[in-house]
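1. Sharing a model prediction with you, sequence too.
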Amino acid sequence: MGQLLRRENIAEFVRNIQKSGKTVVATNGCFDILHVGHVRYLQKTKSYADYLIVLLNSDKSVKSIKGDSRPINNEQDRAEILCALSCVDYVVLFDEDSPGELLNEIKPDVYTKGADYTLKTLPEADIMQKNGIRVEFIDFVPGKSTTNTINKINNKE
């Protein structure tokens with residue numbers, strides 16, 4: 001079972017993991033209404049390292065990115081659900097729109113992002129390059145998204 005970590009402690013925590021010879025992969029997202037696309041994405045992400053840390057957008061961050069009607073589930077609920085997944089080792093919340101600053105602090109060995117990005121369009125690409133962090137892009141599961149789920153609930157699909 002995963003564990004929610006405080007942001008203030010995460011950089012030192014990751015350093016200690018890496019000093020022990022283990023690798024860390026990080027990814028980020030809102031993970032608002034968890035669906036099979038999220039689960040497959042996180043399972044694939046975990047396959048790149050010994051430990052998976054999910055950088056979870058806080059409620060403040062989700063509202064800033066997606067609007068006042070989101071998130072559907074609050075940050076504590078979203079974190080608890082992620083921690084219940086066997087592939088997730090740690091979760092840390094962040095308030096910014098982008099995880100760039102946090103990634104620069106923790107310097108994981110690998111960072112994953114959805115395949116809708118490329119190295120040219122990835123906002124964090126400069127941080128990845130500067131810190132020697134390998135980036136892996138993961139394909140989405142067609143038709144599986146939180147927006148699609150919300151639309152289905154609202155009978156829009």
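-> Sure, I can see it.

2. The chain: helices as residue ranges?
-> 7-19, 36-46, 59-66, 75-84, 100-106, 125-131, 146-153 (DSSP state H).

3. helices or strands next to the second one in the packing?
-> Packing contacts for helix 36-46, counted by 3 or more C-beta pairs under 8 Å, 6 or more residues apart in numbering; DSSP states H and E, involve strand 24-29, strand 51-57, strand 110-114, strand 134-138. (C-beta placed from N, C-alpha, C; glycine too.)

4. So for Tyr41, which of those sits nearest?
-> Closest to Tyr41 of those is strand 134-138 (C-beta to C-beta; 5.5 Å).

5. could the helices of the chain go into a markdown table alongside mean pLDDT?
-> Shown next, in a markdown table, are the helices of the chain (pLDDT from 0 to 100):
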| stretch | mean pLDDT |
| --- | --- |
| helix 7-19 | 96 |
| helix 36-46 | 96 |
| helix 59-66 | 96 |
| helix 75-84 | 98 |
| helix 100-106 | 97 |
| helix 125-131 | 96 |
| helix 146-153 | 69 |
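
6. can I get these in TSV with distance to Asp139 and mean neighbour count?
-> Shown next, in TSV, are those (distance: least, C-beta to C-beta, whole Å; neighbours: other C-beta atoms under 10 Å):
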stretch	distance to Asp139	mean neighbour count
helix 7-19	27	14
helix 36-46	9	19
helix 59-66	22	17
helix 75-84	20	18
helix 100-106	22	18
helix 125-131	19	15
helix 146-153	16	14
